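*Asks:* Kindly return the folded structure for what I paste below:
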Amino acid sequence: ESSAVCEVCEGAEEMTEPLKQCTAWLHAYFCQPARMASLPVPAFHHPLLRRDSFTGQVLWTLLRDVKFGEAVSYKQLADLAGNSRAARAVGGAMRSNPIPIIIPCHRVICSSGQSGNYGGGNLMKEWLLSHEKLQKEKLAY
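*Replies:* Got it, this is the predicted structure:
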């Protein structure tokens, strides 16, 4: 368990509204996960997130359906996104995720239960999964 204090950078009053939303969301993710459900997901304006592409469909499905502290296999996510034979394409969508953590590609694991790869490194993926598991257990008490 970390004893680190969460703090927002100085000059927070000068941030734009979308940046304030991202900051609040990330603060909640790392420090107050119970608040996440009440916060709006920051606005996304990236071409890969268009819902008419398979990548966009997979990323939005992941964001909507795989909750904090949960994990899903590449195949399960392909099923959720509507194409049960597209597990490899799901892996490609995870690799091209423009906003990891907010769109939680670290929650996608191999069917074998192994963590699989992660753009931020496998140690980071393991840490994020452990963080969520620990926080979810705390919330259950």
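*Asks:* in this structure, which ranges drop under the pLDDT threshold?
*Replies:* Within the chain, the segments meeting pLDDT under 70 span 1-13, 47.
*Asks:* Just the strands from it, written as ranges.
*Replies:* For the chain, the strands defined by DSSP state E cover 72-73, 108-109.
*Asks:* for the residue nearest the centre of the chain, what are its contacts?
*Replies:* In the chain, the residue lying closest to the centroid (Cα atoms, centre = their mean) is Pro104, at 1.5 Å. Residues in contact with Pro104, defined by Cβ atoms under 8 Å, 6 or more residues apart in numbering, are 62-63, 66, 68, 128. (Glycine included, C-beta is placed from N, CA and C.)
*Asks:* 7 Å instead, please
*Replies:* By Cβ atoms under 7 Å, 6 or more residues apart in numbering, the contact list for Pro104 reads 62, 66.
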